[in-house]
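Trainee: What would the 3D arrangement of this be:
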Amino acid sequence: MASNGSGVPAFALSTQHTAVSSMSAHQQQYQQQPTHTYNEMGESNTASIVTIHPQSPSQQQQHQQHPRAPQYQRSSSSVSDQNSFETPQKGPSGAAFEGSDAVERKPVQHKDPKEDLVLATSIPDEETEEGLIRNKQAVEKIRDTWLYKQVKNRQDEFTNYQQATLFVGTWNVNAKGKPEDDLTRWLCADWAQTGLPDIVCVGFQEIVDLNAVNVAVDNKTQQKTQFWSEKINQTLNDAVAQKDPARNGYNLLMQRSMVGLLISVFVKRVHQPRTKYVSSATVGVGVMGMMGNKGGVSVRLQFYDSTLCFVCTHLAAHRENVVGRNNDFESVYTKTSFEVGEEAIREVIRSGSLSHWAIGSSATRVPDHDIVVWLGDLNYRVDESMQTETVLKLSESGQINALVPMDQLNVERAAGRVFREFQEGQLTFRPTYKYQPGTDSYEQRPDKKLRAPAWCDRILWRAQQPSHVRLITYNRSEVPNVSDHKPVYSTMKLVIKDVIASKREAIYDELMRKLDRFDNTALPMVGLDTATLDFGEVRYGETTSLKVKITNTGNVVAQFRLAPKLDEAVICKPWMSISPTYGMLIPGEEPSTLEFKVTIDNATAQNLNSGREVLDDILILRLEGGRDYYITVKASYARSCFGMSLEELVMYTKPIRSIPLDPIKKTENMDQESRAGTTALCVPKELWRIVDAIIHKGLDTPGLFVEAGIADEVAQIRECLDTEARFGTYNVHSYAEALITFLSGLATPVVLPALFPTVEIDSQNIQSFARRLLDELPPIHYNVFVYIISLFRRALAHRRKNQLTAAKAARICCTCMAPTLDLSNSDVTKTTGIQLLMIHLLETSSI
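Mentor: Predicted coordinates for the structure are as follows:
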């Protein structure tokens, strides 16, 4: 690799000339998109990329071969690369890049940036002598934002594009691994073909057993993290020393672990000066959607002037649980956030990556990055409509062409339900799961459950510019073979941005002069297509949105923002969100659209039920240097039992939806029931209905109280509880999730914080503490507590079938009946004590 002599690295380059062939939708189906690269000898190497496009209903009907496995389309393009051996040139950073061909650039349509953050200012609004409201800091920020948009459209004018090599590996080690295991044939598989990669990202799953103790305590993860990181580091640097002792090796840039998950990112030492703003994050989506036995660990970084994000995940298991895997992906994708600092965000935006829309913020999310690589045990299987024995036979014989159309991940991507805008290499290798550990044979031992082989282990990517990622290889490794999974790896060529600061500043100067031509003393004016937002009836747990279109009707630049009311710090009530909250329109520019969303979460529902909140508001749209516009917001709440108190729920025999929110009318209603001789219920009728449904739906169901329900069904169950309508045919997991959500959302928890143990619980005092807990519970809380403990006792009686354990049940009881106790970050005595008391009450025969 060439260098400029100052330690700044160089990348191997090749010029890309792309010609996309025109094909009909039918011709594109099951076609491959070949891409080419060149090794040091100038020989062409080819890997295949499968681009899956969601089909229309008519296309699905036309091409569908199996009712459980919808077909998908693959786009095809012809790519020819020309190798160049010109003298290395200097890049903008002073680096000499090997084979410094400029990468051909083609315009790509970007998604709209995220403009949903409140415009924060550190100075108050000022009133001018003319009586106008103005905030100088807001003007500057809005002006800067408009500039960034323009710069983004012209980033090719001040950016050099070079190529770097990325290696990605993923392996579910099944809690195996010994010091003598050799990782070279896996981690260095492509070195002879592609040379040493510039970046190495390796992800592991199940580095520890995913038992209840490890999930709850996480006590062996750090030890295993150290073992595997040192193992990778030794493998990479030993291989470098053997290949070329004069070359620099690799440094560990960042590692992050969570229970059985581990991700480690290494870079060549020569690249470290240009690698910065490194951050990591974890998201648990396991037991009850928050534990770390399933979830994702992530690392992001800025490599030169490109932002990269690596996400290693372990998604929900079981062949039939496709919805669970889709939900797990969505949770990790949306919840992962990196605190990198406002300076890091601003630098990337200024260089044209407006996807990092976060002025005034210090966080960035997964889709904000230029390139995202997603790896791990995604657990997608071959569709269950194909018999296990058939899948096994085809896998053993290598007849994978019959299996690929039945792969659940491909089916779900084709339907647009998961991994939208991601790409993956073609599956040309046999399924990587499930093997008999220590062998190359699929698991078929008589004492083991026969499982259908599957491509559980995958690597996908997403790029803001699709042409900035070029797949070289996508394969599996046959060694090590100590696990029931085979390792998978991929090598890619990435197009990396290197900004020329002087050219960028020249563009900024040009744009500033353009703005100055419009900036004069005339007042700005805008028009709103509506000033009243009526959201109608809104429901618990749901989001409703309406839009307002803003048009610049004046002759000067119009800068607008949503402003707080007098003596208030926020622009709207907590149940509302607005996107964007500010912007700028020059004369003749297309109108801007503001989206207003109303969401009834648990806190809002509690405030509505208690009369502390109403769904009415007036918003102020402030025009900098101009007048204020007022937008009226109103909605009505379809009352729900979720978010209410136990004491109020037991007072009503009528459906909750029919009980008015107005305090006076509500009191009159209660008086009518009292005169009619109605007495308070022992437990809320809604709780009885849902517990009764769980008991009759099947306590034998595997994963009961652990697997997530179906979101639409949970909402329908909640509606039935609120209106006393008959239940439909719903999944038992949906009933269980509705129960947990109902209990954890009560206005007052079943177990009050004052009852949490403050001294250590042991075998000598656990009986007395359990009795004290029961004695001090308020009457209604006591009834509900005993009722729920009894339910989980019945469920534990079926533990052989539903796989529920006392430890899991106790943790779930703590989550839903003592939600104010933070199980991950609270006082150890309280956390351990309340869980021990729950286990004791679940396992003893009397209360």
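Trainee: Given the lengthiest strand in the chain, what are its sheet partners and their directions?
Mentor: When the chain is parsed with DSSP state E, its longest strand is strand 159-172. Here strand 159-172 is paired, per DSSP bridges, with strand 199-205 (parallel), strand 488-499 (antiparallel).
Trainee: what does the shortest one contact?
Mentor: Meaning strand 199-205. Residues from elsewhere that reach strand 199-205 (CB atoms under 8 Å, 6 or more residues apart in numbering): 164-173, 187, 228, 232, 236, 250, 260-268, 271, 297, 299, 303, 308, 310, 312, 314, 373, 375-377. No exception for glycine: its C-beta is placed from N, CA and C like everyone else's.
Trainee: Could you do stretch 775-789 as well?
Mentor: If you take CB under 8 Å, 6+ apart as the criterion, stretch 775-789 is touched by 646-647, 650, 680, 682-684, 687, 691, 743, 750-752, 755, 774, 813, 816-817, 841-842, 847.
Trainee: Then stretch 329-348?
Mentor: By CB under 8 Å, 6+ apart, the residues outside stretch 329-348 that reach it are 276-277, 279-281, 283, 285, 289, 295-296, 298, 300, 302, 305, 307, 311, 313, 315, 356, 358-367, 378, 418-419.
Trainee: ends of that stretch, how far apart?
Mentor: Chord length of stretch 329-348, first to last residue, is 26 Å (CA to CA, to the nearest Å).
Trainee: Check the offset of the longest strand of the chain from the chain's centre.
Mentor: 22 Å (CA atoms, centre = their mean, to the nearest Å).
Trainee: and the contacts of strand 199-205, which of them are in helices?
Mentor: Secondary structure from DSSP state H places Leu187, Trp228, Ile232, Leu236 of the contacts of strand 199-205 in helices.
Trainee: residue ranges for the helices of the stretch 251-400 of the chain, please.
Mentor: Listed in chain order, the helices of the stretch 251-400 of the chain (DSSP state H, counting those that start in this stretch) span 322-335, 342-350, 388-397.
Trainee: Quick check: which of those helices is buried the most?
Mentor: A comparison of these by mean neighbour count, using mean count of other CB atoms under 10 Å, puts helix 322-335 on top with a mean of 21.
Trainee: what ranges do the strands span in the stretch 551-700 of the chain?
Mentor: Taking DSSP state E, counting those that start in this stretch to define them, one finds strands in the stretch 551-700 of the chain at 558-563, 576-579, 582-585, 592-599, 616-623, 628-637.
Trainee: show me the contacts for Asp534.
Mentor: Listed by CB under 8 Å, 6+ apart, the contact partners of Asp534 are Lys634, Ala635.
Trainee: Check whether Ile834 really touches Arg811, as I assumed.
Mentor: No. Between Ile834 and Arg811 there is no contact under CB atoms under 8 Å: 10.0 Å.
Trainee: Name the residue in these two with the higher neighbour count.
Mentor: Each of Ile834 and Arg811 has its neighbours counted (other CB atoms under 10 Å); Ile834 has more, 25 against 22.
Trainee: Now the helix or strand hosting that one: buried residues?
Mentor: Element membership for Ile834 (DSSP states H and E) is helix 828-843. Of all the residues in helix 828-843, those buried under the rule 16 or more other CB atoms under 10 Å are Lys830, Thr831, Gly833, Ile834, Gln835, Leu836, Leu837, Met838, Ile839, His840, Leu841, Leu842.
Trainee: How about stretch 767-783?
Mentor: Phe769, Ala770, Leu773, Leu774, Leu777, Ile780, His781, Tyr782, Asn783.
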